[in-house]
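>>> the sequence isn't on hand, but the structure is:
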């Protein structure tokens, strides 16, 4: 290591460096990045592709082109941070902790800031996330929020968080409600890498001395997977079961899934995978109910024929503590009803500790 090279720090030291700069391309950054990092690419998407293509025929020419592009881009990055004080100590990283991050860190140190380079870059950070997700979930005691589809489990998790409880919103992180119709309009799911980063960041913000409330989930939330270590701890946890009358569940589901009720073609497409289990005749009936606007009957039959039987099998097979779950019954589906339930649950669970 050259004596003037930036100091390198391992991913475990990230908490000591709140100022984080990701110099990778916008495309790399979008797939995943260190939480709290801002994207200041020293090579744009097209520029990196151009340098990579040239490298295949002439590494020397590629290095010259890359150096020229990086130098111009670093000038803009430095201008962006001119207001930072002398004691500023940003952590800078690229893909492998190589030339892209070293170039910017070197310039910043020459200016007088105390920039450091993430050792091993994003690749090392990703390995760190995987290792931590196998370790960190075991630090906490969980309380799993169970309940039939439409009982408002996610609303209760939100209410718990609003009242100061430690609530892990897996569906919020995954941008998916975790069911066949779980896609959120206008909110595509993140990559698995991004989900993992967000999940670890959320866990590390919790106090191990207090319980963590989390909604019952299967292994997959949409196309994303919940880490095995977290799932194992959740399935061994005590439960609270949300109980809501069937009519209220139907109304709640119609409120939360109104985008499907407004797009019958999309609803039919999403329900099509149920054909092998339930038959085309039943799916045709549901399509006719949707076309007729009879959503109460449609949602009720979806619950009776698919969601409720599936959920009961899954919850009893995966969460054995459901048999002794604390029952909680909101007096309605409005926020105040779930706030009242959240306060009672916090008092019941945390008051006994």
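Happy to help now that I have it. These figures come from a predicted structure and were not determined experimentally.

>>> which residue is the nearest non-sequential neighbour of the spatially most central residue of the chain?
Nearest residue to the geometric centre of the chain (Cα atoms, centre = their mean): residue 173, 2.7 Å. The shortest distance from residue 173 to any residue other than its chain neighbours is 4.8 Å, reached at residue 198 (Cβ to Cβ, 6 or more residues apart in numbering). The way it works is simple: take the backbone N, C-alpha and C, and place the C-beta from them, glycine included.

>>> the lowest-mean-pLDDT helix or strand in the chain: what's the following helix or strand?
Among the helical and strand segments of the chain, the one scoring lowest on mean pLDDT, DSSP states H and E is helix 258-261, with a mean of 86. Scanning the chain past helix 258-261 towards its C-terminal end, the next helix or strand to appear is helix 264-271 (assignment: DSSP states H and E).

>>> go through that next one and flag the buried ones.
267-268, 270-271 (16 or more other Cβ atoms under 10 Å).

>>> just checking, what packs against it?
For helix 264-271, the elements it packs on are helix 258-261, helix 280-292, judged by 3 or more Cβ pairs under 8 Å, 6 or more residues apart in numbering; DSSP states H and E.

>>> ok, 6 Å please
With contacts defined as 3 or more Cβ pairs under 6 Å, 6 or more residues apart in numbering; DSSP states H and E, the packing partners of helix 264-271 are helix 280-292.

>>> so how far is the least confident helix or strand of the chain from its chain's centroid?
Computed by Cα atoms, centre = their mean, to the nearest Å, the chain-centroid distance of helix 258-261 equals 24 Å.

>>> what helices or strands is it leaning on?
Contact partners of helix 258-261 among helices and strands, from 3+ Cβ pairs under 6 Å, 6+ apart: none.

>>> so what touches that helix?
Helix 258-261 is contacted by residues 181, 185, 267, 295 when judged by Cβ atoms under 6 Å, 6 or more residues apart in numbering.

>>> and what of stretch 136-146?
Among residues not part of stretch 136-146, those counted as contacts by Cβ under 6 Å, 6+ apart are 153, 156-157, 203, 208, 211-216, 229-230, 233-234, 237-241, 315, 322, 349.

>>> so which of these sit within strands?
When these are checked against strands (DSSP state E), the matches are 212-215, 238-241.
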